[in-house]
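Colleague: Take a look and give me a structure for this.
(one chain, ligands or ions: 1)
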Amino acid sequence: MHGPSTTLVAQSFSEVFGSEPAGVWSAPGRVNLIGEHTDYNAGLCLPIALPHRTYAAVRLREDRRLRLWSLQSARHYELDLDDVRAGNPPGWGGYAAGVLWALQEAGHRVRGLDLMVDGQVPQGAGLSSSAALECAVAAAVCDLLGLDLLDDDSTRATLAAICVNAENTIAGAPTGGMDQSASLRCQPGHALLLDSRDGSIAQVPFDLSAHGLALLVMDTRAKHTLVDGQYAQRRQSCEQAARQLGVASLREVPFDDLEPTLDRLSDTTIRARTRQVVTEIERVRATVALLRAGRPAEVGPLFNASHVSMRDDFEISCAELDVAVESAMAHGALGGRMTGGGFGGSAIALVPAERTAEVASAVIHAFADSGFGAPHCFAVTAGGSARRES
Ligand code: GLA
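Modeller: I've put the predicted structure just below:
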């Protein structure tokens with residue numbers, strides 16, 4: 001039995017391309033529990049895979065043509081694999097075509113393909129719809145070409161790095177590796193503790209319902225994009241701080257020795273950015289310890305501290321994210337924070353399960369009172385990684 005999403009995307013493929021796909025693959029978006037802007041600082045982060053997935057119906061071709069269609073976009077593409085380069089194709093096609101390009105860069109022999117996508121991860125919401133697309137295409141191509149990159153966690157780590165290269169080089173977003181790692185390496189019922197210093201992971205139990213809790217995602221629908229300059233600027237500030245301190249990355253700055261270390265930095269902005277990264281890595285450690293101890297309700301204050309750090313030290317929050325967190329807290333949430341790259345997108349709140357609807361409704365009202373457009377609020381559980389569906 002195939003799910004309705006698998007059937008729909010396969011049927012749409014057949015209608016456009018005139019024959020059936022070789023199969024359907026899917027990969028999830030992610031929501032990061034805590035550990036923001038730490039991945040490109042060789043730090044720790046803690047995402048879960050969302051139940052929302054991107055479905056890709058695929059058939060390889062004998063030639064090097066790429067024909068790329070999506071149920072979410074009127075824009076489709078036809079181009080030659082050899083014409084894929086930085087910025088080409090533009091738009092969503094770059095994430096799909098970029099994966100073929102990056103597999104080739106990594107030394108694999110690739111061919112053209114026909115692709116139909118059904119992306120069910122909300123777009124522009126800070127929930128990694130782009131990584132879900134990359135990883136669904138990557139899973140399909142690896143299976144169809146007989147590449148062994150889906151076999152186990154260590155080959156999936158290699159595949160995640162290939163997808164990051166696609167996003168950095170072809171789509172032009174200078175992101176770290178959290179999103180692709182989540183999409184390829186998460187397990188259901190667990191959060192993924194990713195150590196970006198060496199790429200190692202640990203699966204951390206994350207079953208909130210067993211504790212009478214829920215995780216509410218509040219998609220503010222405020223514009224969010226990683227291709228504009230703000231994300232890159234934060235990354236540059238962190239690299240500048242590491243250079244001034246003479247360390248390979250901010251991961252090397254000990255939390256215990258933070259204040260004297262900050263005094264060695266040249267200006268207040270760089271000091272604040274560094275404080276955010278170093279304290280956030282420590283908050284990931286504390287969160288993991290509580291989850292492992294079976295005390296998830298106590299994670300709330302760490303979420304709040306993380307949000308304040310993002311808002312004040314990293315300056316990547318916005319009015320909509322702040323209102324989402326504040327109104328959730330005022331109506332019974334145990335903790336809340338913005339999640340993902342920032343400047344819009346989504347916030348999360350840890351809530352007693354029975355208060356989920358009440359908190360969601362309070363956030364919707366607070367948005368209306370503030371004159372913001374309606375947010376989209378939904379509870380999520382930790383899903384599984386990229387896989388073949390049919
Ligand atoms: C985006 C990037 C990630 C990560 C987060 C912030 O989602 O794609 O690599 O840097 O922002 O934690």
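Colleague: so what's the nearest residue to F367 once chain neighbours are set aside up against?
Modeller: Ranked by CB to CB, 6 or more residues apart in numbering and with sequence neighbours excluded, the top spatial neighbour of F367 is P375, at 5.2 Å. To be clear about C-beta, it is placed using only N, CA and C from the backbone, and glycine gets the same treatment. With contacts taken as CB atoms under 8 Å, 6 or more residues apart in numbering, P375 has the following neighbours: 218-221, 320, 324, 363-364, 367.
Colleague: Out of those residues, who's the most crowded?
Modeller: Neighbour tally across the contacts of P375 (other CB atoms under 10 Å): the maximum, 34 neighbours, falls on A324.
Colleague: does that one belong to a helix or a strand, and which?
Modeller: Following DSSP states H and E, one finds A324 within helix 319-330.
Colleague: Number of residues surrounding the closest residue to the ligand within the stretch 251-390 of the chain?
Modeller: When scored by CB to the nearest ligand atom, the stretch 251-390 of the chain has G341 as its residue closest to the ligand, at 3.5 Å. When neighbours are defined as other CB under 10 Å, G341 has 24 of them.
Colleague: With D228 as the reference, measure out to it.
Modeller: In this view, G341 and D228 are 10 Å apart by CB to CB, to the nearest Å.
Colleague: With V277 instead?
Modeller: 21 Å.
Colleague: Check V359 too.
Modeller: Using CB to CB, which is the criterion applied here, V359 is 31 Å from D228.
Colleague: Among these two, which residue is more densely surrounded?
Modeller: V359 (26 against 12).
Colleague: OK, contacts around that one?
Modeller: Residues touching V359, when contacts are defined by CB under 8 Å, 6+ apart, comprise 216, 328, 331-333, 349, 351, 377.
Colleague: Make CSV from these and add neighbour count, distance to G112 and secondary structure to it.
Modeller: Shown next, in CSV, are the contacts of V359 (neighbours: other CB atoms under 10 Å; distance: CB to CB, whole Å; DSSP: H, G, I helix; E, B strand; the rest coil):
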residue, neighbour count, distance to G112, secondary structure
L216, 23, 42, strand
A328, 28, 47, helix
H331, 18, 52, coil
G332, 15, 53, coil
A333, 28, 49, coil
A349, 30, 45, strand
V351, 26, 47, strand
C377, 24, 41, strand
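Colleague: Throw the residues you listed into JSON lines and include distance to A97, thanks.
Modeller: Conversion of these to JSON lines gives the following (distance: CB to CB, whole Å):
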{"residue": "L216", "distance to A97": "35"}
{"residue": "A328", "distance to A97": "39"}
{"residue": "H331", "distance to A97": "45"}
{"residue": "G332", "distance to A97": "46"}
{"residue": "A333", "distance to A97": "41"}
{"residue": "A349", "distance to A97": "37"}
{"residue": "V351", "distance to A97": "40"}
{"residue": "C377", "distance to A97": "34"}
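Colleague: for the stretch 251-390 of the chain, what are the low-confidence residue spans?
Modeller: When the per-residue scores of the stretch 251-390 of the chain are filtered using pLDDT under 70, no range remains.
Colleague: and the protein, which residues reach the ligand?
Modeller: Residues of the chain lying near the ligand by CB under 6 Å from any ligand atom: 32, 36-37, 39-40, 175-176, 178-179, 226, 340-341.
Colleague: So in the chain, which strand runs the longest?
Modeller: Across the chain, the longest stretch assigned as strand under DSSP state E is strand 47-60.
Colleague: moving C-terminal of that one, what's the next helix or strand?
Modeller: Sequence order places strand 65-70 as the next helix or strand after strand 47-60, per DSSP H and E.
Colleague: Which secondary structure elements does that next one sit against?
Modeller: The criterion is 3 or more CB pairs under 8 Å, 6 or more residues apart in numbering; DSSP states H and E, and the helices and strands that strand 65-70 contacts are helix 4-17, strand 77-80, helix 93-105, strand 113-119.
Colleague: quick one: buried residues of the first one?
Modeller: So the one you mean is helix 4-17. For helix 4-17, burial by neighbour count (16 or more other CB atoms under 10 Å) applies to 5-6, 8-10, 12-13, 17.
Colleague: Could you pull up the mean pLDDT of it?
Modeller: Helix 4-17 carries an average pLDDT of 97.
Colleague: gap between that helix and the chain center?
Modeller: Helix 4-17 has its average C-alpha position 26 Å from the chain's average C-alpha position, going by CA atoms, centre = their mean, to the nearest Å.
Colleague: relative to strand 65-70, how tilted is that helix?
Modeller: What separates the directions of helix 4-17 and strand 65-70 is an angle of 130 degrees, with axes from the mean of the first three to the mean of the last three CA atoms, to 10 degrees.
Colleague: Contacts for helix 4-17, please.
Modeller: Among residues not part of helix 4-17, those counted as contacts by CB under 8 Å, 6+ apart are 2, 20-21, 24, 26, 53, 55-57, 59, 67, 69, 71, 114, 116-118, 120, 389-390.
Colleague: what does stretch 241-255 give?
Modeller: Applying CB under 8 Å, 6+ apart, the contact partners of stretch 241-255 are 38, 41-43, 196-197, 238, 261, 264-266, 270, 273-274, 277-279, 281-282.
Colleague: let's see it at 7 Å
Modeller: Residues external to stretch 241-255 that are found in contact with it (CB atoms under 7 Å, 6 or more residues apart in numbering): 41-43, 197, 238, 261, 264-266, 270, 273-274, 277-278, 281-282.
Colleague: Which of these fall within helices?
Modeller: Using DSSP state H, 238, 261, 270, 273-274, 277-278, 281-282 are the members of these that sit in helices.
Colleague: Dump these to JSON lines, plus neighbour count.
Modeller: Formatted as JSON lines, the entries for the ones in helices among the contacts of stretch 241-255 read as follows, by neighbours: other CB atoms under 10 Å:
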{"residue": "C238", "neighbour count": "23"}
{"residue": "T261", "neighbour count": "20"}
{"residue": "I270", "neighbour count": "17"}
{"residue": "R273", "neighbour count": "25"}
{"residue": "T274", "neighbour count": "26"}
{"residue": "V277", "neighbour count": "28"}
{"residue": "V278", "neighbour count": "24"}
{"residue": "I281", "neighbour count": "22"}
{"residue": "E282", "neighbour count": "17"}
